[in-house]
Each structure stands twice: as structure tokens, then as C-alpha cells.
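In: compute the structure for the input listed below.
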Amino acid sequence: MNERSHFQQGHLMIELQGLTKTYAGKNVVDDISLRVESGEFGVLIGPSGCGKSTTLRMINQLIPMSRGRILLGDEDVSRLKPEQLRRRMGYAIQSIGLFPHWTVAENIAVVPNLLKWPRSRIDARIDELMNLFHLAAGEYRDKYPHQLSGGQAQRVGVARALAADPEVLLMDEPFGAVDPLTREVLQNEMLRVHEQTRKTIVFVTHDMDEALKLASKVAILNQGRLVQYDRPIELLVDPADGFVSDFIGKADLGLKLLSRRWVDQYCRPPRLARDRAASRHSWEVDADGRPLALHGGRLSADGETRTAVNGEWIATPEMTMKEALSRMVWFRVMVLPVIDEAGKLIGEVTMEGVMGRQP
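Out: Numbers count the residues shown, from 1 in each chain. From the prediction side, this is the model:
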């Protein structure tokens with residue numbers, strides 16, 4: 001099964017070798033070994049208390065390990081001064097931790113200021129990151145955290161973690177405190193930012209759908225031990241054991257699989273109005289090639305033509321097929337137009353395509 005890659009594999013970036021943390025005689029992290037390659041989006045997930053956040057905090061020495069080794073590139077992190085290590089690793093958490101009496105710009109600039117970057121370089125980096133996270137500098141640069149929405153504040157928190165251009169970004173349930181709609185927006189933003197920056201990311205979550213959506217590889221932990229570390233598609237089709245299968249969830253396995261399939265993998269040429277005689281549906285487009293209406297292709301019997309194509313009744317090449325299928329069901333159509341950034345019709349995805357039948 002083909003799957004979109006969210007990273008370009010390169011030299012080894014992070015390796016955990018027999019990582020163990022013991023509290024009161026109990027191993028809360030128990031002999032974990034895994035590799036996160038350069039540019040990879042690695043996700044740690046498991047039940048509450050499984051050791052995922054503890055593992056993350058040991059990576060940048062926020063808490064000491066009891067046994068094992070952590071390598072950053074070819075360097076043992078235990079031989080690095082904590083301040084040196086943390087300059088190479090951005091850190092974003094659920095509670096964000098923005099300084100309330102500092103502006104957005106001042107919050108983003110914390111680490112560059114500590115590193116005594118020139119003012120011009122700091123200002124340029126602030127503008128670059130605000131643009132990357134779709135925060136208009138003219139509108140948000142001088143605002144304070146209490147003037148931001150939860151999603152905006154979380155963007156600022158991640159921007160701050162990236163400000164000094166670290167090699168690695170560590171994220172501990174960063175979207176857990178926002179509402180579901182904002183969470184989905186932030187997930188999409190994170191995917192876009194990862195595609196653009198190619199940062200190596202280690203991300204902790206308790207949400208399996210989030211893990212499957214974001215990860216290049218997922219590490220499933222249970223009672224401090226690593227149960228399976230694999231690509232999302234491999235977890236879905238070949239779980240290591242019953243625990244992994246149950247933790248992923250069997251009821252909506254088909255939808256989870258579609259969450260790892262993208263529209264551009266299912267897209268075919270659109271059928272335009274002139275082709276209608278040879279097809280059960282066709283598209284009407286305007287002079288600029290933007291879709292206006294669908295003739296045929298309805299799920300309901302309340303008329304064959306669906307007009308007023310809008311920003312929701314469309315698909316884009318980077319959209320997951322799970323989302324595309326959801327939109328088909330919601331708008332009661334058998335087909336969605338696939339558009340480019342200018343809104344031009346470049347293809348279509350169909351219910352038949354989702355089900356694997358020939359068009």
C-alpha cells in the first residue's frame with residue numbers, strides 16, 4: 001500500500017537505547033529502544049501512565065534517565081550540558097506557558113534574545129515564524145496572550161519553540177487543551193509546517209486519530225514498554241498483538257485507513273458537461289475553470305443538479321480521503337471536485353473510487 005511520506009529520511013537524528021526510568025523501584029519507562037530519523041514526525045502514544053511524557057522529558061534532560069542512552073546524531077546527550085542540548089531542541093507543551101505580560105513578538109523572541117542574536121535577525125525571525133503560522137504580524141505582533149484565542153496562543157507557543165531554529169521539536173500533547181475544531185485546524189497547520197521545515201519532531205498524544213494523521217511513525221507504549229513502533233499503515237493492517245489492535249480500535253478501521261490516504265492518490269480527470277452523454281455525472285465550470293455545479297452524481301433523489309460549489313463542498317490534493325468521504329456523505333453527493341490553489345477544477349474523487357470499484 002502506498003502512503004504519503006511526511007519526511008525525507010537522512011542521517012540518524014535521535015536514538016533511544018534501552019531507555020529506562022525508575023521511580024520507587026518501579027520502571028515507569030522500561031528498556032525502550034527506537035530510532036527517529038532526520039526529518040521524521042515520530043509520535044508516542046499509549047494509555048495514561050504508560051511513560052510517553054516521561055520518555056519525552058528524558059530526551060532533553062528535563063528529568064534524568066535511570067539507565068540507557070540517548071543519542072542526538074552521533075552525540076550522547078548525557079555528555080552535553082543541558083543548556084547546550086535544549087538550544088538544539090524546541091519544546092512545546094499543552095499549557096503553552098506564554099509569558100502573560102509580554103507581547104507575541106517578545107514571547108517568540110525569548111530564546112534568540114538569550115542567545116544574543118542581533119536585533120535585526122530576531123525581528124526577521126519573528127516575522128518569518130508569524131507568517132509561517134498564518135499570524136499577520138501587523139495584527140498580532142504587539143498583542144498579549146490574553147488577547148489571543150486558544151488556537152492562536154498555541155501557534156505562538158510552537159513558533160516560540162522553533163524560534164532559534166532547533167534541530168528537533170519536542171511536543172507534549174500540545175493540542176490537548178483546545179476544542180475539537182481548533183484542534184483539527186492546528187493539526188493541519190502542524191502538517192503544513194512540518195512539510196515546509198522538515199524538522200525532526202517527537203510528539204506525545206493520547207489521541208489515536210491524531211497520531212495516525214500526523215505521524216511518519218507511531219510508537220505504542222503500554223506499562224512503560226514499547227509494544228510496536230511502525231508506520232501508521234502497518235499498525236492498521238498488521239498490529240503486533242491484541243493490545244495494539246484494541247488500542248487502535250476495530251469499529252472504524254476502514255475510516256482510519258482512509259485517514260492515511262490522500263485525495264491525490266484517488267484523483268482522476270474531471271468529467272465536464274460536454275462529456276455528460278458518456279457519464280452519470282458532469283461538472284459545469286466558469287470561464288476560469290472553477291467548478292460551478294454538479295449534474296447528476298447525487299445520493300438523494302431531490303433533483304440531479306447540485307449548484308453553489310463552495311469552500312466546503314470541494315476537495316484538495318492534500319486532503320485525506322477520510323475527510324473527502326465525510327464531505328460526500330454530508331453534502332449527499334457521489335463525487336467531489338478537486339481544485340488547485342486558484343480554485344480551478346483539476347480532477348475529481350468519487351464514492352466508487354473510495355470503495356475500490358472501477359469508475
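
In: so Met321 sits against Val354, correct?
Out: Yes: if you go by Cβ atoms under 8 Å, Met321 and Val354 touch, sitting 6.2 Å apart. In short, each C-beta sits where N, CA and C put it, glycine included.

In: so between these two, which is more surrounded?
Out: Neighbours around Met321 and Val354, counted as other Cβ atoms under 10 Å, are more numerous at Met321. The numbers are 22 against 18.

In: need the contact list for that one.
Out: Going by Cβ atoms under 8 Å, 6 or more residues apart in numbering, Met321 touches Leu258, Ser259, Arg261, Trp262, Val263, Gln265, Tyr266, Val349, Val354.

In: quick revisit: so for Met321 and Val354, which residues contact both of them?
Out: Leu258, Tyr266.

In: low-confidence ranges in the stretch 251-359 of the chain?
Out: For the stretch 251-359 of the chain, the stretches with pLDDT under 70 are 274-279, 299-304, 308, 357-359.

In: at 90 what do you get?
Out: 251-262, 271-287, 290-314, 318-320, 322-323, 327-334, 341, 351-359 (pLDDT under 90).

In: ok, Thr103 - contacts?
Out: Arg141, Asp142, Lys143, Tyr144.

In: any chance of those residues in a markdown table, with distance to Ala251 and neighbour count too?
Out: Shown next, in a markdown table, are the contacts of Thr103 (distance: Cβ to Cβ, whole Å; neighbours: other Cβ atoms under 10 Å):
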| residue | distance to Ala251 | neighbour count |
| --- | --- | --- |
| Arg141 | 46 | 17 |
| Asp142 | 48 | 12 |
| Lys143 | 43 | 15 |
| Tyr144 | 44 | 15 |
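
In: what's the closest of those to Pro166?
Out: When these are ranked by distance to Pro166 (Cβ to Cβ), Arg141 comes first, at 22.1 Å.

In: skipping adjacent residues, who's closest to that closest one in space?
Out: Ala105 (4.7 Å; Cβ to Cβ, 6 or more residues apart in numbering).

In: domains of this structure?
Out: What automatic domain parsing lists as the domains of the chain is 12-258, 263-354.

In: residue contacts, the residue minimising distance to the centre of the chain?
Out: Central residue of the chain (Cα atoms, centre = their mean): Leu214, 3.3 Å from the mean position. When contacts are counted by Cβ under 8 Å, 6+ apart, Leu214 is found next to His6, Phe41, Val43, Gln187, Met190, Leu191, His194, Phe203, Thr205.

In: repeat that with 7 Å
Out: By Cβ atoms under 7 Å, 6 or more residues apart in numbering, Leu214 lies in contact with Phe41, Val43, Gln187, Met190, Leu191, Phe203.

In: from the residues you listed, which is closest to Ile248?
Out: Val43 (12.9 Å).

In: which secondary structure state is assigned to the closest one?
Out: At Val43 the chain is in strand, as set by DSSP: H, G, I helix; E, B strand; the rest coil.

In: hmm, Ala215 and it touching each other?
Out: Yes: shown here, Val43 and Ala215 form a contact pair, counting by Cβ atoms under 7 Å, at 3.9 Å.

In: what about the residue nearest to the centre of the chain, distance to Phe41?
Out: Here Leu214 is placed at a distance of 6 Å from Phe41 (Cβ to Cβ, to the nearest Å).

In: on that earlier part again, burial count for the residue nearest to Arg141?
Out: When neighbours are counted by other Cβ under 10 Å, Ala105 comes out with 19.

In: show the average pLDDT along the helix or strand harbouring it.
Out: According to DSSP states H and E, Ala105 maps onto helix 104-108. Across helix 104-108, pLDDT averages out at 95.

In: picking that back up, got CSV for the contacts of Met321, with distance to Thr22 and secondary structure too?
Out: Listed next are the contacts of Met321 as CSV, based on distance: Cβ to Cβ, whole Å; DSSP: H, G, I helix; E, B strand; the rest coil:
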residue, distance to Thr22, secondary structure
Leu258, 41, helix
Ser259, 37, coil
Arg261, 42, coil
Trp262, 43, strand
Val263, 47, helix
Gln265, 46, helix
Tyr266, 49, helix
Val349, 51, strand
Val354, 49, helix
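
In: ChimeraX command for the buried members of the residues you listed?
Out: To isolate in ChimeraX the members of these that are buried, counting by 16 or more other Cβ atoms under 10 Å, one can use:
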select :258,259,261,262,263,266,349,354
